[in-house]
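Undergrad: structure for this input, please:
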Amino acid sequence: MAIIFVVLIHANNAMLQRGVALTPDAFSPVWTAFHILSHNATVYFALISGILYAYRLHDKPHAAFLRSRFEAVIIPYVLVSTGLTALMLAMAARRSGEWPRAHEALLRIIGNILTGDAWNHLWYIPVVAILYLISPLLLRAVENPRTGRVFAVTMVCLPLVFSRTATDITIAMLVYFSGVYTAGLVIGRDPERILARLSRSIAPLSFVAAGAAVTVWLLDRSGIEFAGPVSFRESAIYVLRMSLAVLMLIGLRAGMGSLGPAARRALDRIAAYSFGIYFLHAPLLRPIVGVIGPLVPAGNPAWALVLAVMASFVTALVLTWLVVHVVKIAAGNRSKFLVGS
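TA: Predicted coordinates for the structure are as follows:
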């Protein structure tokens, strides 16, 4: 489910920033509503990664774990980053008539791989790669009988003051997602027991989520965001995203048994293709919003913006799913090196 929210927020951002001409820095109820719904949905990815590592993946030697992540995440990331960088260089050269030298192009490709700058959604892969590297250290700290609880609480609270730094990979960004990942490790050690305990707090969690959502709305409405390096908006989004994540986990735990075979297969397929969809959806959104954006009536009425965002979201999700599916059929077992699936 995490990938659905990721594609949704990028569809919103692409449509409202590129597809239509919104007034810069003006309050947009549609923008804020979609951000409340799905901004920073990569939190769900990091949380799930932490849960899976603590629940199952930590049993294998760390070298084997890193190899599996290298094959299914890093190799396709490098290929996608290289392809997108080459495409951008070629487009720039075509406009200017000046082609970069080979070593300049190579340095740009390497730089984009290290920083996730080949496209504005790829920053997450270098971040999660670092989390993969330090997973045993974080899990050992969480499991320490004397200090584990204090460590876990501290790590989970740090993102409140170490704000996510947009798409720039900084110390604050790493601390932020280390906190999310640590929360996943805590849940993953004994998900049944922990989710059963958390299920007794559905009302307080819902209240916290609602309060965080209202806070984001009021901050956007007032234009207030930063106090020094701390973003009040990102802190509120963090509280919102984590409380919703726990509520969704509780809901999935309670409702998975009632899902029909078709619904279960659909969710399993989307989950299996999630990294491939992640790699490819954002570049496809640019031409999609270029087609749908001009259909929005003059004045950008809210209903039309919502429909445009949703149409872009569905189109991007379906197209990327189909591309990944075709690659998987064509490449077979080697598809994981191309699209991570």
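
Undergrad: would Gly184 count as being in a helix?
TA: Yes. Secondary structure of Gly184 (DSSP: H, G, I helix; E, B strand; the rest coil): part of a helix.

Undergrad: contact partners for it?
TA: Ala46, Leu47, Ile48, Ser49, Gly50, Ile51, Leu52, Tyr53, Ala54 (Cβ atoms under 8 Å, 6 or more residues apart in numbering). (C-beta placed from N, C-alpha, C; glycine too.)

Undergrad: can you count the residues close to Thr165?
TA: 17 (other Cβ atoms under 10 Å).

Undergrad: mind checking the backbone torsions on it?
TA: phi -110, psi 70 (degrees, to the nearest 10).

Undergrad: work out the gap between stretch 197-215 and the centre of the chain.
TA: 22 Å (Cα atoms, centre = their mean, to the nearest Å).

Undergrad: need the contact partners of that stretch.
TA: By Cβ under 8 Å, 6+ apart, stretch 197-215 touches 36, 232, 236-237, 239-240, 243-244, 246-247, 249-250, 253-254.

Undergrad: and the furthest pair within these?
TA: Maximum pairwise distance among these (Cβ to Cβ): 33.3 Å, between Phe232 and Ala254.

Undergrad: between these two, which has more neighbouring residues?
TA: For Phe232 versus Ala254, the count of surrounding residues by other Cβ under 10 Å is larger for Phe232: 17 against 11.

Undergrad: buried ones among the contacts of Gly184?
TA: Using 16 or more other Cβ atoms under 10 Å as the burial test, the contacts of Gly184 include Ala46, Leu47, Ile48, Ser49, Gly50, Ile51, Tyr53, Ala54 as buried.

Undergrad: strands along the stretch 1-150 of the chain, start to end?
TA: For the stretch 1-150 of the chain, no strands are identified by DSSP state E, counting those that start in this stretch.

Undergrad: if we can go back for a sec, can you lay out the contacts of Gly184 as TSV showing pLDDT?
TA: Conversion of the contacts of Gly184 to TSV gives the following (pLDDT from 0 to 100):
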residue	pLDDT
Ala46	97
Leu47	98
Ile48	96
Ser49	96
Gly50	98
Ile51	98
Leu52	96
Tyr53	97
Ala54	97
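
Undergrad: now stretch 105-112: average pLDDT?
TA: In this model, stretch 105-112 has an average pLDDT of 96.

Undergrad: show residues contacting that stretch.
TA: For stretch 105-112, contacts defined as Cβ under 8 Å, 6+ apart pick out Ser81, Thr82, Leu84, Thr85, Ala86, Leu89, Pro100, Asp117, Ala118, Leu122.

Undergrad: and those, which of them are in helices?
TA: Cross-referencing those against helices under DSSP state H gives Ser81, Thr82, Leu84, Thr85, Ala86, Leu89.

Undergrad: residues touching the closest residue to His58 other than its chain neighbours, list them.
TA: Take His58 and drop its neighbours on the chain: the residue closest to it by Cβ to Cβ, 6 or more residues apart in numbering is Leu139, 5.8 Å away. If you count contacts by Cβ under 8 Å, 6+ apart, Leu139 has them with Tyr53, Ala54, His58, Leu185.

Undergrad: let me know how buried the residue nearest to the first one when sequence neighbours are not counted is, in neighbour terms.
TA: Put plainly, it is Tyr53. Spatial nearest neighbour of Tyr53, chain neighbours left out: Ser135 (5.1 Å); criterion: Cβ to Cβ, 6+ apart. The tally of other residues near Ser135 (other Cβ under 10 Å) stands at 22.

Undergrad: same deal with the one 5 residues further on?
TA: Close neighbours of Arg140, defined as other Cβ under 10 Å, add up to 13.

Undergrad: so what's it scoring on pLDDT?
TA: Note on Arg140: pLDDT of 98.

Undergrad: how close does it sit to His58?
TA: 10 Å (Cβ to Cβ, to the nearest Å).

Undergrad: could you do Leu322 as well?
TA: 35 Å.

Undergrad: in the chain, where is pLDDT below threshold?
TA: Applying pLDDT under 70 to the chain flags the ranges 24-25, 256-258, 341.

Undergrad: switch the cut-off to 80
TA: Residue ranges of the chain with pLDDT under 80: 1, 21-26, 255-271, 341.

Undergrad: would you mind listing the buried residues in the lengthiest helix in it?
TA: Counting by DSSP H, the longest helix found in the chain is helix 302-331. Neighbour-count burial for helix 302-331 flags 304-306, 308-313, 315-317, 319-321, 323-325, 327-328 (criterion: 16+ other Cβ under 10 Å).
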